[in-house]
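Enquirer: Generate coordinates for the sequence data below:
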Amino acid sequence: MSIKNERQLKNTLEKLTELEKLYEETKSAPAENERVKELTLRSLKQTMNELKEEIGRFRAHVKAGKD
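Expert: This is a model prediction of the structure:
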C-alpha cells in the first residue's frame, strides 16, 4: 500500500485510529483462548505499524516536496 494523496492519508489515519481502539479493547477483554488473543494482538500491532510507516513515508515525501 502507498498513500498517494491527502484523502488517502485521512482514510489511513481513520483506519489507524480504529485499529488502535480495537487493539486496546482486545487487550483489556478477557480471553476465551489466550493464544488466539496473543496472535490477534500481534496481527493488529503489525498492521498498525505498517500504517504508521506509510503515513510517515507520505509525510516525509510531502515535506521534501515543500523544501
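
Enquirer: P30 versus the residue lying closest to K4 once chain neighbours are set aside, what's the distance?
Expert: By the measure of CB to CB, 6 or more residues apart in numbering, the closest residue to K4 outside its immediate chain neighbours is F58, 8.0 Å from it. For the C-beta atoms, the positions are set from N, CA and C on the backbone; glycine is no exception. Distance, F58 to P30, by CB to CB, to the nearest Å: 38 Å.

Enquirer: more neighbours, the two?
Expert: F58 (18 against 6; other CB atoms under 10 Å).

Enquirer: Mind listing what's buried along the helix ranked longest in the chain?
Expert: Longest helix in the chain by number of residues (criterion: DSSP state H): helix 34-66. For helix 34-66, the neighbour count (16 or more other CB atoms under 10 Å) marks T40, L44, M48, L51, E54, F58 as buried.

Enquirer: and which of those is nearest to K15?
Expert: The nearest member of the buried residues of helix 34-66 to K15, counting by CB to CB, is L51 at 6.3 Å.
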